[in-house]
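Colleague: Coordinates for the following, if possible.
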Amino acid sequence: MATTARNDRTKPTSPRVIPFSTILRSRVKQPQFYWFLGHFFTLYHFIRFHLSFYSRDLQRYHYKFLLLNISLTYAIVLYQFYKSDQLNSKNIRTQLRKLDNLQYFLILTILFIISFFFNIVLSGAIYSPVIFSLFHCLNYFKENLLPFLPYLSKIVKITINNKISGFISSYNEIFLQMAQTLEILCGLRCGLINLPILILKFFTIEFGSPIVLIHIFTVFSYVWFFKLRLIQSQHFKTVLFHLNNKFNQMIPASALPFWCMYRDFMIKCFNYIPI
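Modeller: Predicted structure coming up:
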């Protein structure tokens, strides 16, 4: 008996597309998603902060929520450290010297509390965390949301992915240096200009003023953070060294001795700040 052989050709099945809503529901269960949202809203309030130049009240509003969102991102990271035993309360002082996430969390939380209760704004302090937020936000979006977005063709997604990847690889190092430079400039302004003026004001024209005292605490907190960054980061020290050399070259020769005397005095005061 002859048997006939049939060649059953099955059509290749296309990979199953997971609905974006399903992806989103799974992401919502992860702490990293809220970390991303914190960075996203940090950028939103940063933009609104600068667009609200016509209203001081609006700027204060967006400044507060910017600090709140960015503080929450660091809180999430620190919680992950705590769960993995990388962070504990037994050697918190040592960890404060080493963990930049802990340093940023403390200063940003202090600034948020002060802004919430006293409406004090230290605008120069927000630029470096916002720069970090930009790259964190872009990277999370590229890796975790972009591949699953509906209504976009594969080619469009690849194009957007390549654009984001190119931007990160091209500008990450430049923006990191910019962030550190902005931190140093803010720290120098606080320590060399703002703090002495506020202390002088507290003991003279606004003697014993509680609000001036809060301002002093705000500025001193950033100087304290500046010292932490100086201890923790060798690159931070290098950038500060180059900025100091450039600044010395800009000062007229007649004023240089006075500047060096004032700088050395402030460095001695700075060394007394406890860490």
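
Colleague: Identify the residues contacting the residue nearest to F49 when sequence neighbours are not counted.
Modeller: Excluding its sequence neighbours, the residue lying closest to F49 (CB to CB, 6 or more residues apart in numbering) is H62, at 4.1 Å. (C-beta placed from N, C-alpha, C; glycine too.) By CB atoms under 8 Å, 6 or more residues apart in numbering, the contact set of H62 is 45-46, 48-49, 52.

Colleague: and I70, how far is that from Y104?
Modeller: As for I70, its distance to Y104 is 8 Å (criterion: CB to CB, to the nearest Å).

Colleague: hey, what's in contact with both of those two?
Modeller: Common neighbours of I70 and Y104 are listed as P129 (criterion: CB under 8 Å, 6+ apart).

Colleague: And those two? Which one has more around it.
Modeller: When I70 and Y104 are compared for neighbours, I70 comes out ahead with 28 against 22, by other CB atoms under 10 Å.

Colleague: how about low-confidence regions in the stretch 51-200 of the chain?
Modeller: Within the stretch 51-200 of the chain, no stretch has pLDDT under 70.

Colleague: Now do the helices in it.
Modeller: Using DSSP state H, counting those that start in this stretch, the helices found in the stretch 51-200 of the chain span residues 56-83, 92-98, 100-118, 127-140, 154-188, 195-203.

Colleague: From the contact count, pick out the helices and strands touching the fourth one.
Modeller: Contacts defined by 3 or more CB pairs under 8 Å, 6 or more residues apart in numbering; DSSP states H and E place helix 127-140 against helix 31-51, helix 56-83, helix 154-188.

Colleague: Between those, which one is closest to S209.
Modeller: Of all the helices and strands packed on helix 127-140, it is helix 56-83 that lies closest to S209, at 19.8 Å by CB to CB.

Colleague: and the angle from the closest one to helix 31-51?
Modeller: Interaxial angle of helix 56-83 relative to helix 31-51 (axes from the mean of the first three to the mean of the last three CA atoms, to 10 degrees): 160 degrees.

Colleague: Can you point out the buried residues in helix 56-83?
Modeller: 59-78, 81 (16 or more other CB atoms under 10 Å).

Colleague: ditto for stretch 155-168
Modeller: Under the neighbour-count criterion of 16+ other CB under 10 Å, stretch 155-168 has I164 buried.
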